[in-house]
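Engineer: Coordinates for the following, if possible.
(2 chains)
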Amino acid sequence: MLVIDKFSRKPIYEQIIEGIEREILTGILAEREQLPSIRELSLKLSINPNTIQKAFIELDRAGVIVTSQGRGCFVAADARMRIREKFIPKIAEIAALAAELAGAGVDEDAVLDAVREAYANHERKETKL
Amino acid sequence: MISAKNVTMKFDDFVALNQLNCDIPDSCIYGLVGSNGAGKSTFLRLISGVYRPYEGTITADGEPVWENPKVKSRIMYVPDELYFLPQSDMNTMARLYAAVYDSFSTERFRELTATFGLKPDANIGTFSKGMKRQAATILALSVMPKYLFFDETFDGLDPVMRNLVKQVIYSDVCERGTTTIITSHSLRELEDTCDQLALLHKGGIVFESDIQNLKTALFKVQVAFADTFGKERFEGIETLSYAQTGSVATLIVRGDRDTVTGQIRAMQPLLLDVLPLNLEEVFIYEMEALGYAFKDIM
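Structural biologist: Below you'll find the model as predicted:
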């Protein structure tokens, strides 16, 4: 279930986009599955339907969801791949963080270990599912 | 769509609205903020046909509102000062509204009075201030109008009721494309409800924007460099405000977040933090950029 923090500095429609992407990545929403309607989400989350519409348009444009006139919105068949593509630029953040850690004199192996451990943990979770 | 063109409104020699222009698209939830006397209520009375504009035109769906029953039948206005027939109960008021508005839904009226827990056969005069607000809001929502105007109505409702009213409005937006205008003097009140926001000051709209764009268009950058530097280092970046203490500078920037972050990162700073702003901060900086001091306005 999406959780929206209305008092966050982050715009609500960005929170909706991230929330839906997270649900797709974790498998709560399966590929090709139908998304709840704008009306349903609006009432459940108490959020302006125009805001939800905007998030859906954005997701549609990124190819994460597919809008079918009159039938509603569906998770795209290749949604996970699309979301993955969006995450690739985040590698730059690791680079920036690594530069900071290097500046502070943190051992390179410790940093690499942390990255490997995060990946290993994630895979363990995946296989459990 | 509601459209105001060069609207001026005068009361004797007091100018309440001065050459105001605005377009409010269908199914929009439009928030109007401004201090007391900014012209919020005057604007609502003009677009609901209570006043005739001194100059300029106001149209709903392309037709003037003043003395036009056809257009006015699509408009429901909840004023700041409520009026109920003397000694009446909500049933009487419902009959009055049903006689005036063809679209009045008795079914919805029953539903809402039950949800809000108001007695439809109790004398409204015995209601508390907040209950009167609820009664007026229920009656307005039961009219099922295309255009719904609330003058500071939300300010008088408790959080639970506010949420209920919001849900009814949201469902109307989904189902019938209802256009809603809400005025308030509190930005926080409108932040999570509206999708368009306009700031009214001394009879004119000084600022109008999509609420989401508003929140993403500006952001705060904190940056530090090893060498000495000044404002000139950030030339080419649209900076609304600049402050520096020692080697740390704080900038309020307008532009694309990723582009600007990339630009600054290329300067190899010691520290770089990019923070979003809340709506209040965005307003302060946008207004300052327009030459207003925020504290004079809100």
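Engineer: what helix or strand is B:Arg188 on?
Structural biologist: B:Arg188 belongs to helix B:187-191 when elements are defined using DSSP states H and E.
Engineer: got the contact list for stretch B:3-13?
Structural biologist: The contact list for stretch B:3-13, computed with CB atoms under 8 Å, 6 or more residues apart in numbering or on different chains, reads B:15-24, B:39, B:42-43, B:46-47, B:51, B:53-60, B:62, B:203. Glycine gets a C-beta too; all of them are placed from N, C-alpha and C.
Engineer: so the closest residue to B:Leu290 other than its chain neighbours, which of the three states?
Structural biologist: The shortest distance from B:Leu290 to any residue other than its chain neighbours is 6.2 Å, reached at B:Val206 (CB to CB, 6 or more residues apart in numbering or on different chains). Counting by DSSP: H, G, I helix; E, B strand; the rest coil, the backbone at B:Val206 sits in strand.
Engineer: Tell me which other helices or strands the lengthiest helix in chain A touches.
Structural biologist: Residue-count comparison of every helix in chain A, with assignments taken from DSSP state H, identifies helix A:108-128 as the longest. In terms of contacts (3 or more CB pairs under 8 Å, 6 or more residues apart in numbering or on different chains; DSSP states H and E), helix A:108-128 is packed against helix A:91-103.
Engineer: now check the helix it packs on, is it near chain B?
Structural biologist: Yes - legend: contact between helix A:91-103 and chain B by CB under 8 Å from any CB of the partner chain is shown at A:Ala96.
Engineer: can you list contacts of that helix?
Structural biologist: By CB under 8 Å, 6+ apart, the list of residues contacting helix A:91-103 from outside reads A:108, A:111, A:115, B:265, B:272.
Engineer: Look up how far chain A lies from B:Tyr292.
Structural biologist: The gap separating B:Tyr292 from chain A is 23 Å, by CB to the nearest CB, to the nearest Å.
Engineer: now B:Thr106
Structural biologist: As for B:Thr106, its distance to chain A is 23 Å (criterion: CB to the nearest CB).
Engineer: That residue against B:Ala98, yeah?
Structural biologist: Yes - the pair B:Thr106 / B:Ala98 is scored as a contact, 6.7 Å apart, by CB atoms under 8 Å.
Engineer: out of the two, which sits in the more crowded spot?
Structural biologist: Counting neighbours by other CB atoms under 10 Å in any protein chain shown for B:Thr106 and for B:Ala98 shows that B:Ala98 has the greater number, 17 against 12.
Engineer: my read: the more buried one touches B:Arg108, true?
Structural biologist: No - the pair formed by B:Ala98 and B:Arg108 falls short of the contact definition of CB under 8 Å, at 11.3 Å.
Engineer: Could you tell me how many residues sit around residue 30?
Structural biologist: Let's take chain A. 11.
Engineer: actually chain B
Structural biologist: Each residue near B:Tyr30 was counted by other CB under 10 Å, and the total is 21.
Engineer: part of a helix, is it?
Structural biologist: No - secondary structure of B:Tyr30 (three-state DSSP): strand, not part of a helix.
Engineer: Spit out the contact partners of it.
Structural biologist: B:Tyr30 neighbours (CB under 8 Å, 6+ apart): B:24, B:179-182, B:194-198.
Engineer: so which strand or helix has B:Ser27?
Structural biologist: Using DSSP H and E, B:Ser27 maps to neither a helix nor a strand.
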